[in-house]
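Asker: Pasted the sequence and its predicted model underneath.
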Amino acid sequence: KNQVLDLNGHDQWVEVYRSDNVEIDTDGLTVSLKILPRKLNSSRGNILMKGNQLGIQQLGADSIQFYIYTNQLNRAVAKLPTEWEGQWHQLYAVYDGSEIRLMIDGQLAASAKAIGNIRNLPVPLNIGRNSFEEGAEADYYLCDAQIDEVHVANLALDVDELTVEKSVLWLDFEEEYKEG
């Protein structure tokens, strides 16, 4: 395993376009990924997003948020670790129907109360941009990071429960396909 998604902030992203498996409208969600953020990630920091429905986003040079939209926007905002840039980190975000939690490197970084089913919005899931807000030509940096092992499940799972069979999206970036 030595392949990663390498986004330089200039109009690069991965899009999973409106596939039924990522049209999430449940009262549970798990997102897991590894990230090596670089300096320009503080410009916009769109790590993984499905419009304003759900996402993980770096907020400037010192914060990161996990958010979901149920009947309202629910956000858990955490302070970034001091050694954030240039280091690999494990992000793990969970919604269990009553609370959203963001973990960084195995430690709870932020949590917030949230209830209800996630509201599904007609936008694609993206790694490296927010398609709800950004067209193909942005005049700022989108995501300046290396990202690996992106896993999404439409139910709340503990770290040791997340498997490919329980996931709706499992990207390890080890193989490249040229089919649609």
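Answerer: Okay, I see it.
Asker: Now the residue nearest the centre of the chain: which helix or strand?
Answerer: Nearest to the geometric centre of the chain sits residue 48, at 2.9 Å (Cα atoms, centre = their mean). For residue 48, the element it lies in under DSSP states H and E is strand 46-50.
Asker: Now do the end-to-end distance for stretch 79-95.
Answerer: 19 Å (Cα to Cα, to the nearest Å).
Asker: Now do the lowest-mean-pLDDT helix or strand in the chain: distance to the chain's middle.
Answerer: In the chain, the helix or strand scored least confidently by mean pLDDT, DSSP states H and E is strand 14-16, which has a mean of 85. Distance of strand 14-16 from its chain centroid, counting by Cα atoms, centre = their mean, to the nearest Å, is 12 Å.
Asker: So which other helices or strands are in contact with it?
Answerer: Applying 3 or more Cβ pairs under 8 Å, 6 or more residues apart in numbering; DSSP states H and E, we find strand 14-16 packed against strand 125-127. Yep, even glycine has a C-beta here, placed from its N, CA and C like the rest.
Asker: Check what contacts the strand it packs on and list those residues.
Answerer: Strand 125-127 has contacts (Cβ atoms under 8 Å, 6 or more residues apart in numbering) with 5, 7, 13-16, 22, 46-50, 143, 147, 150, 152, 169, 171.
Asker: buried ones in it?
Answerer: By neighbour count on 16 or more other Cβ atoms under 10 Å, the buried set for strand 125-127 is 125, 126, 127.
Asker: cool, stretch 93-109 as well?
Answerer: Neighbour-count burial for stretch 93-109 flags 93, 94, 95, 97, 100, 101, 102, 103, 104, 109 (criterion: 16+ other Cβ under 10 Å).
Asker: Let's test this: mean pLDDT of it, rounded?
Answerer: Mean pLDDT, computed over stretch 93-109, is 98.
Asker: Kindly check the end-to-end length of it for me.
Answerer: 10 Å.
Asker: Ok, stretch 149-161 next?
Answerer: Using Cα to Cα, one end of stretch 149-161 lies 15 Å from the other.
Asker: Buried residues of that stretch, list them for me.
Answerer: By 16+ other Cβ under 10 Å, the buried positions in stretch 149-161 come out as 149, 150, 151, 152, 153, 154, 155, 156, 157.
Asker: Thanks a lot, catch you later.
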